[in-house]
Structures are given as structure tokens and as C-alpha cells.
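Novice: pasting a predicted model and its sequence here:
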Amino acid sequence: MTTGVPSYRKIWDVSYPIILTMLAQNIINVTDTAFLGRVGEVELGASAIAGLFYISVFMLGFGFSTGTQIMIGRRNGEQAYDKVGQIFLQSSYFFLVLGLLLFLLIYFFGYPLLRVIVSSENILDASEVYLKTRVFGILFAFGNLAFRSLLVGITQTKALGYSAFLMAITNVILDYIFIFGHLGFQPMGIQGAALASVISEAVALVFFIVYAFIHIDRKKYHLLQFPKIDFSVIGKTLSISVYVMAQYFISVGIWFSFFAIIEQMGERPLAISNIVRSMYMVLVIPIMGLSTATSTLVSNAIGAGFKDDVLKIINRIVKISVVSVVPIIALMLIFPRTLVSIYTNSPELIDQTIPSVYTISFAILLFAVAFVVFSGVSGTANTKTALAIEILTLIIYTAYVYWVVIIQQWPVEIAWTSEYVYMLFLSMFSYWYIKTGRWKAKII
């Protein structure tokens, strides 16, 4: 092999199972939002606030999984397969401890923290109901993250698609049963949405465990052992992950703050923003899948000794990413009413949401570039630099949101122009760093 640049087919083979996984995860979000949109605007808004609060904390685990994935990808590229299993197992121990700590944090302190931020008593009460149930899924979710890190790191990602499908189907069925009350169950409303998500995550974890026993070469990757806790391995993985953990926590935390600011505008703008958020996250799934593949392909290429090919890999994936969003943008511009109608049957709410849909449509084009390049920075294992880029970008983003919403008091569709600001600066800073080549000196 004379080049570390993967073919378009290889990029797709690694990316599409990740895309399917994210599709399933977002089908859960879409289903929750669509069903709750027919329960009431309070429940719709509360699911946004409580859901983002949960995700903000969850992202600490997701950040650690990204660092684990990078480490596994590097060792896989070096063909140090025994180290792959060691990293996976030690990381699993860390996930268990972190999950227990975060469970206690959310269960006992989630409501008091939300009370400081949320002004509407109705939304606050509904958010508490959601969180008290949703928090039980965090250990299952972290178990899924551990297996996701392993499978993406060794580029065996097809199982992610299977688990995604299983999780999505489970959630859709249980949402229908629990939220509205079918098959003998009492209607549970927003609590039913949370319970359905918890069970779906548990089902996915069971699938991963069974799949690992049947399809992964456990001897090759030394997965048959259950070693004692090795703080040196956890520490090395954490040295990469801690900056990603902080990056994701801050990033989603700022987005949570965005919704908290929108909540000050009233229950209707918050409901609109939850619909837009749900649409946005579904429509950028191809980009998120490609960006995840970017970090692991970059890490594998560096591990195999192809540092000079990193920028070529990123540029190739950017091209795929940009092409993938063109039909998505067309869909949003041509059929906005149809898309919004998935989430609500209120004509007034649909009419007021469409301007925000138009606002975010072209932001997706910037998203297609920004997230792939930024993931390339993380893939080089220079996660401290990635964190610095994220913080600098978010400072600019937050200042813009504050100016638009608090000072100018412009409508919600103008507030969503903040996505252009975020994506533009994130892509500029990330490209600049990759071009400098300073990351080449990093050794892990």
C-alpha cells in the first residue's frame, strides 16, 4: 500500500453503518418529538429542555468514547491488536464508573439546576417527569458507546446499522404504546417517551453483547480477558479524551443555553425551536456519519505511517459530504410544510415554524464542511487544540445569540442564523490548523 487515502468505496463502507446508527438515534428523537407535539406544546418544549440537559451530561461519555475510538483506531492501524482489547476493556470500566456518577448527578440535582434556568412552571414540571425516567438509560447508553468505539476503531461498523434498526423499531413501538396508552397501558405522555428511550437503549446493548460473542475475533483482539483495572491505560485514553469530553460538554451545554434563552421568549418559540432542532439533527445525519468516519480514518492512516495523506483524506470526505447535502437542502426548500407537519398538526405552529426551516437550510452546507474538517483535527489526536477551536468558536457564537435574542429581541427565525456563525468560524479555524501541519508531532 503506497497511499493512506481510502477510496470512495472504503469511506462509504465505514460511514454508512455509522449513518444508520445516527439515523436510528434520531428516529428516536423524531418519534418522541412527533408524538409529544400531538400531546401539547408544553410537553414538546419540555422534551427539548430536559432532553438537551440529559444530552449535555451524556456528552461527557460520548467524548470519552471518541478518545477511545481514536486510540483503538491508532493501535489498529499499527496492527497492535492486543492493545485494542486492552483499551476497550479498560475504557468499559471507566464508562461504568462515570455512568453511575452521572446517574446520581442527574437524578438528585437535575431538577434544582433546571429550576435556576427555566421560567415556565409548566415546562419545569414536565421536564422533571422526563428526566427522572430518562436518567435510568445512561448506563445502557454508555455500554453502547463502548462497543461503538470498538467497532468504529477497527472499522467493522456494519453491526452499528443492525443495532440502529433494532433500537429505532423498539422505540417507535414503545412510544406509541406508552405515550398514548395502548395494549392495556395507561397514557404516560412525556414520561412514556422517556421510558421508551431507556428500554430501546437496553435492547441495543444486549444486541452488541451478543454480536461481539458471535462475530468479533475475541482472541485476536484479546477480548476474552477481564483484567484488573489498569489506571495507566485509562489515564492515557483519558489524556486524549478529556479535551473531547470538555469540548462536547461545552458545545452541547451552549446549545442548551440557546434553548434556555429561547424559552425566555415563550412556550411557542421554544416549541418551534424543538421542531427545528429535531429536523436539523435528522437532516445532517449523513454529515455526522462522515465526520465520525473522518476521525477514525485519519487516526488509522497516521497509525499506518501516512501522515502526509491526512489533508487529502479530509478533502475527499468533504467533497462527499457537500454532495450529500444538496438533495437535503432542496427537500427543505421545496417541502417545508410537509416536513414540519411530521411534528405537529397545528396549522398556526406549522406556519410559524417554516421561516426557521428556511433559515437553517443553507447552514447545512456549511455544516457539511465544518464538521468533517473539525473531526479531522480530533482524528490527529490533538484534542486539546480541538477544544481550543471549539471554545473560541462558541465564544463568538454565544455573543451573537445574546445580541440577536436579548439585545435586539429579534424573532426566533433570526436567532437560528447563529448556526451560520458557528459553522463558518469552526471550519475556518479547523482548516487553518490542519494546513499548518503542527499536529504531525503528536505521539500517542
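Specialist: Structure's in. What do you need? Numbering: from 1, shown residues only.
Novice: mind listing what the nearest residue to residue 273 once chain neighbours are set aside touches?
Specialist: Nearest non-adjacent residue to residue 273, counting by CB to CB, 6 or more residues apart in numbering: residue 262, 4.9 Å away. Glycine gets a C-beta too; all of them are placed from N, C-alpha and C. For residue 262, the contact set (CB atoms under 8 Å, 6 or more residues apart in numbering) comprises 269-270, 273, 405, 412, 415.
Novice: which one of these has the most neighbours?
Specialist: With neighbours taken as other CB atoms under 10 Å, the top of the contacts of residue 262 is residue 270, carrying 27 neighbours.
Novice: that residue touches residue 45, doesn't it?
Specialist: Yes - with contact defined as CB atoms under 8 Å, residue 270 counts as touching residue 45 (4.0 Å).
Novice: what's in contact with stretch 213-233?
Specialist: Here stretch 213-233 has contacts from 81-82, 84-90, 93, 150, 154, 156, 159, 212, using CB under 8 Å, 6+ apart.
Novice: least confident of those?
Specialist: Ranked by pLDDT, the contacts of stretch 213-233 bottom out at residue 156 (75).
Novice: just to revisit the earlier point, okay, and which of the contacts of residue 262 map to helices?
Specialist: 269-270, 273, 412, 415 (DSSP state H).
Novice: let me have those in TSV, extended by distance to residue 387.
Specialist: Listed next are these as TSV, based on distance: CB to CB, whole Å:
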residue	distance to residue 387
269	31
270	29
273	27
412	30
415	26
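Novice: where are the low-confidence patches of the chain?
Specialist: The chain contains residues with pLDDT under 70 at 1-4, 14, 16-18, 20-29, 224, 442-444.
Novice: how does it look with 50?
Specialist: Applying pLDDT under 50 to the chain flags residues 1.
Novice: for the ones in helices among the contacts of residue 262, which one is nearest residue 434?
Specialist: Comparing the ones in helices among the contacts of residue 262 against residue 434 with CB to CB places residue 415 closest, at 30.8 Å.
Novice: work out for me the element the residue nearest to residue 273 sits within.
Specialist: Residue 262 belongs to helix 231-263 when assigned by DSSP states H and E.
Novice: flag every buried residue along that helix.
Specialist: 233-234, 236-238, 240-263 (16 or more other CB atoms under 10 Å).
Novice: ok, back up a step: name the residues contacting each of residue 270 and residue 45.
Specialist: 123, 263.
Novice: closest to residue 392 among the ones in helices among the contacts of residue 262?
Specialist: residue 415 (21.2 Å).
Novice: what about residue 272, how many neighbours?
Specialist: 32.
Novice: so who does it touch?
Specialist: Residues near residue 272 by CB under 8 Å, 6+ apart: 349, 352-353, 356, 412.
Novice: helix/strand/coil for residue 343?
Specialist: Following DSSP: H, G, I helix; E, B strand; the rest coil, we place residue 343 in the coil state.
Novice: residues contacting it?
Specialist: 30, 33-34, 37, 44, 275, 278-279.
Novice: of the residues you listed, which is the most crowded?
Specialist: Of all those, the highest neighbour tally under other CB under 10 Å goes to residue 44, namely 29 neighbours.
Novice: what strand or helix carries that residue?
Specialist: Using DSSP H and E, residue 44 sits in helix 41-77.
Novice: quick one, that helix and helix 231-263 angle?
Specialist: 150 degrees (axes from the mean of the first three to the mean of the last three CA atoms, to 10 degrees).
Novice: and helix 41-77, which residues are buried?
Specialist: For helix 41-77, burial by neighbour count (16+ other CB under 10 Å) applies to 41-77.
Novice: repeat that for stretch 213-221.
Specialist: Buried residues in stretch 213-221 (16+ other CB under 10 Å): 216, 221.
Novice: which of the contacts of stretch 213-233 fall in helices?
Specialist: Those of the contacts of stretch 213-233 lying in helices (DSSP H): 81-82, 84-90, 93, 150, 159, 212.
Novice: ok so, going back, what's the closest of the contacts of residue 262 to residue 427?
Specialist: residue 415 (21.0 Å).
Novice: surely the closest one meets residue 401?
Specialist: Yes - the pair residue 415 / residue 401 is scored as a contact, 6.6 Å apart, by CB under 8 Å.
Novice: now the common contact residues for the two.
Specialist: With CB under 8 Å, 6+ apart as the test, residue 415 and residue 401 both reach 258, 261.
Novice: mind listing what the nearest residue to residue 59 once chain neighbours are set aside touches?
Specialist: With CB to CB, 6+ apart as the criterion, residue 59 has its nearest non-adjacent residue at 3.7 Å, and that residue is residue 248. When contacts are counted by CB under 8 Å, 6+ apart, residue 248 touches 59-60, 62-63, 66.
Novice: contact partners for residue 45?
Specialist: Counted by CB under 8 Å, 6+ apart, residue 45 has contacts 120, 123, 263, 267, 270-271, 274.
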